[in-house]
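Colleague: structure of the sequence below:
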Amino acid sequence: MSILGSAIDSKESSSTSLRLSIMVLSVELEYSQIYTEGKKPFRCLQESLKVIKSDQITLSELLKPFIDRGYILDSHMFLYYSKGRGIYVYCGNSENADQTSVPLNDIENDIIQLRCRKTIEPSEKEFVKNSLNGNKVVKERKISEIIKKVTKWRKLYVGTVMSDGSTVRYSSKEAASIIGIAKKTLDDYLLQLRIGKKYGFDFNYHNDDKIGVLRSFVKEKKGRIRNDKNNTKSEDSSSVN
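Modeller: Next up is the predicted model:
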């Protein structure tokens, strides 16, 4: 075989090898609520992505096609559908997308199903814990449901007077087990409700809204108060000088 023939065969072999090393993934991005930032509202988007075949792919690579189209995904957490576990598993957030990845042996038919949501509630730590334990992620609760749960929880550990006049009390942790929500989560709910009431949150109007609406309200109020204090300090400092 001539040198030229060898070179052609080598080039064709190399091209075949390169062609076989490329895979096309279908990436589906589902938003937990109707997306309203920067683009038309959506609940689910789909993109095709050509990548070099490997064991895993970084979250940033998966998000790039959507970001390039103008969708704002800052301050979001992401989960992918795990074929092995049969549930959505936490795989990172927009801040560490370069350091986290999705194992390609845990997807089906070269389709990666992603879910994203603002990092509000449940907290990212709860998502990680639930995912690692193989538990399904709890959906964000309505404010009306939370008020009922917290009220019942407090009655259980403060004490309930029975028909015979006796009082039955449980520890806050035991009461939380009866309610079916972690004590830490109930403590957080109670704090949000108290702060919301303090700042004048309209619970009747937002009765059917998710707890994230209350969290956003509380966060905004706290931020304004903090800024007002800082401005006051700056003005006092300027007047002294």
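
Colleague: center of this protein - which residue?
Modeller: Closest residue to the average C-alpha location of the chain: Met77 at 3.8 Å, with C-alpha atoms, centre = their mean.

Colleague: surely that one is in contact with Cys116?
Modeller: Yes - with contacts counted by C-beta atoms under 8 Å, Met77 reaches Cys116, the gap being 6.9 Å. C-beta coordinates here come from the backbone N, C-alpha and C atoms, glycine included.

Colleague: least trustworthy helix or strand in the chain by mean pLDDT?
Modeller: Counting by mean pLDDT, DSSP states H and E, the chain has its least confident helix or strand at helix 3-20, which shows a mean of 44.

Colleague: need the next SSE after that one, C-terminal direction.
Modeller: Downstream of helix 3-20, the first helix or strand assigned by DSSP states H and E is strand 22-31.

Colleague: within its sheet, name the partner strands of that following strand and how each one runs.
Modeller: If you go by DSSP bridges, strand 22-31 pairs up with strand 44-52 (antiparallel), strand 111-118 (parallel).

Colleague: can you put those strands in a markdown table and add distance to Pro103?
Modeller: Output for the strands paired with strand 22-31, formatted as a markdown table (distance: least, C-beta to C-beta, whole Å):
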| stretch | distance to Pro103 |
| --- | --- |
| strand 44-52 | 14 |
| strand 111-118 | 10 |
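
Colleague: deepest of these, which one?
Modeller: For those, the largest average neighbour count (mean count of other C-beta atoms under 10 Å) is found in strand 111-118, namely a mean of 19.

Colleague: if anything else comes up later, I'll come back, but that's it for now.
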